[in-house]
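Student: Using only what follows, build the 3D model:
(one chain, ligands or ions: 1)
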Amino acid sequence: MQTQCGGCKQGGARCCCRCGCHSTAASGGGARLCSLSIPSGRSRGGGGATEICRSPREGTRKAGRQAGRMATRMFEGKDHARVYQKYRFTPQEALQKAVFSYLDRKAGAFGLALDVGCGSGQGTLLLASRFQKVVGTDVSPAQVEEAQQAPHPDNVSFLACPAEELPVADGSVDVLTSFTAAHWFDIPRFMREAERVLAPSGCLVLTTNTLDMRLHFRDRDQELTRIFQEFRDLLTPYMSDKVRLVVGDYEEIFEAVPFPSKERITDIVDKVPMSVAELVGYVQSFSMFQAFLKDRPEEAQAQVQRLQERVLEAMGEASPEARLEFWNRQVCILASRGPVPDHDPRS
Ligand SMILES: C[S@@+](CC[C@H](N)C(=O)[O-])C[C@H]1O[C@@H](n2cnc3c(N)ncnc32)[C@H](O)[C@@H]1O
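Tutor: Next comes the predicted model:
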């Protein structure tokens with residue numbers, strides 16, 4: 001009989017990843033072990049094994065993993081993952097406010113959060129102070145490796161797996177998030193998975209940056225935004241079909257959310273201060289740019305260099321460390337599967 005959970009290392013009923021290993025073992029259910037021993041990589045406080053469960057559906061998962069990879073090749077490269085780690089920024093104030101004020105009202109508990117399509121983990125980290133345990137998942141092992149290697153608190157871990165086949169027990173997740181990633185998923189399969197893994201009072205949060213991006217610097221906004229849009233136009237031929245879901249402000253994804261209580265906010269604007277060098281790094285994380293780079297590497301690099309020169313010229317600055325503001329409109333889908341809690345779930 002299993003006395004200690006192989007995932008969270010807690011004995012018997014104290015299993016904190018809620019994998020059901022104790023109840024299954026106790027009821028004679030046999031080998032449904034929570035047996036992950038995936039290394040968590042470096043974490044600020046050391047230790048911190050990944051605490052999540054392998055469910056009996058592992059066999060079918062291989063096919064899912066392959067399907068997931070087919071759709072997302074462009075995020076698989078180590079160079080792309082490195083750019084992500086360096087230049088993607090954490091969801092900012094306005095988006096955080098929309099998300100957390102919703103969760104404070106609607107989430108039934110703040111035990112386990114799963115951040116799906118986590119990339120190099122910037123959004124995942126945002127959840128760390130709110131939840132007992134946070135797991136970032138991504139189909140790209142290169143992205144997961146970057147996330148694991150960056151400093152992260154002990155209650156955060158990362159795991160490579162497709163969004164459509166999450167290795168967690170039914171009803172075990174309090175909040176499922178995805179930041180600028182859901183459009184890459186197989187939506188019908190992902191929604192079925194959300195229905196399966198979310199607890200009865202669980203919430204689903206799907207956000208995305210839109211292509212509505214502006215640059216702000218003193219009185220040069222218009223010119224800078226035009227320069228930026230011209231650069232983005234160069235990338236349009238490399239836009240994946242999936243990005244049309246973003247262009248449509250996630251309306252199609254919203255329609256597919258299977259929970260009765262849901263809302264979609266389309267006018268969240270965050271103003272992100274960054275240097276010109278960071279802006280130029282950030283645009284290189286775009287999937288469209290990566291496709292351009294793959295197709296015409298020299299031309300892509302030259303256009304990035306030109307973007308930097310034009311932006312600096314318009315600002316009247318010489319150093320790439322000069323700072324401006326990047327304004328980005330974001331879309332956020334907030335959904336809850338259960339009744340509104342009538343108490344503060346964290347008290
Ligand atoms: C645009 S990035 C966003 C990353 C991160 N959430 C952020 O906000 O910076 C999209 C991420 O989704 C991941 N992804 C794409 N399809 C996926 C799938 N089917 N399952 C899990 N992750 C997937 C990619 O590997 C990539 O890291």
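Student: how far away is Leu245 from the ligand?
Tutor: Distance, Leu245 to the ligand, using Cβ to the nearest ligand atom, to the nearest Å: 12 Å. Yep, even glycine has a C-beta here, placed from its N, CA and C like the rest.
Student: Return the set of buried residues in the longest helix anywhere in the chain.
Tutor: Assignment by DSSP state H gives helix 297-315 as the longest helix of the chain. Within helix 297-315, the residues that count as buried by 16 or more other Cβ atoms under 10 Å are 300, 303-304, 307-308, 310-312, 314-315.
Student: Which positions in the chain make contact with the ligand?
Tutor: Counting by Cβ under 6 Å from any ligand atom, the positions of the chain adjacent to the ligand are 68, 71-72, 75, 88, 116-119, 122-123, 138-140, 143, 162-164, 179-181, 184-185.
Student: 8 Å instead?
Tutor: Where the chain comes near the ligand, counting by Cβ under 8 Å from any ligand atom, the residues are 67-68, 71-72, 75-76, 81, 84, 88, 91, 115-124, 137-140, 143, 161-164, 178-181, 184-186, 190, 209, 285, 287.
Student: just to revisit the earlier point, present the buried residues of helix 297-315 as JSON lines; the columns should include distance to Ala98.
Tutor: Listed next are the buried residues of helix 297-315 as JSON lines, based on distance: Cβ to Cβ, whole Å:
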{"residue": "Ala300", "distance to Ala98": "34"}
{"residue": "Gln303", "distance to Ala98": "34"}
{"residue": "Val304", "distance to Ala98": "32"}
{"residue": "Leu307", "distance to Ala98": "30"}
{"residue": "Gln308", "distance to Ala98": "32"}
{"residue": "Arg310", "distance to Ala98": "33"}
{"residue": "Val311", "distance to Ala98": "29"}
{"residue": "Leu312", "distance to Ala98": "34"}
{"residue": "Ala314", "distance to Ala98": "32"}
{"residue": "Met315", "distance to Ala98": "31"}
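Student: Mind listing the residues bridging to the residue nearest to Phe228 when sequence neighbours are not counted?
Tutor: Spatially, and ignoring its direct neighbours in sequence, Phe228 is nearest to Leu215 (5.2 Å; Cβ to Cβ, 6 or more residues apart in numbering). Beta bridges link Leu215 to Phe326 when assigned by DSSP bridges.
Student: Tell me which other helices or strands the helix or strand harbouring Phe158 touches.
Tutor: Assigned by DSSP states H and E, Phe158 belongs to strand 156-160. Contacts defined by 3 or more Cβ pairs under 8 Å, 6 or more residues apart in numbering; DSSP states H and E place strand 156-160 against helix 122-126, strand 133-138, helix 141-149.
Student: so of those, which one's packed in deepest?
Tutor: Among these, strand 133-138 has the highest mean neighbour count (mean count of other Cβ atoms under 10 Å), at a mean of 27.
Student: can you tell me which residues contact the closest residue to the ligand within the stretch 51-200 of the chain?
Tutor: Relative to the ligand, the nearest point of the stretch 51-200 of the chain is Gly119 (2.6 Å; Cβ to the nearest ligand atom). Gly119 makes contact with 75, 81, 84, 88, 138, 140, 143, 147, 179, 181, according to Cβ atoms under 8 Å, 6 or more residues apart in numbering.
Student: Cool, thanks, talk later.
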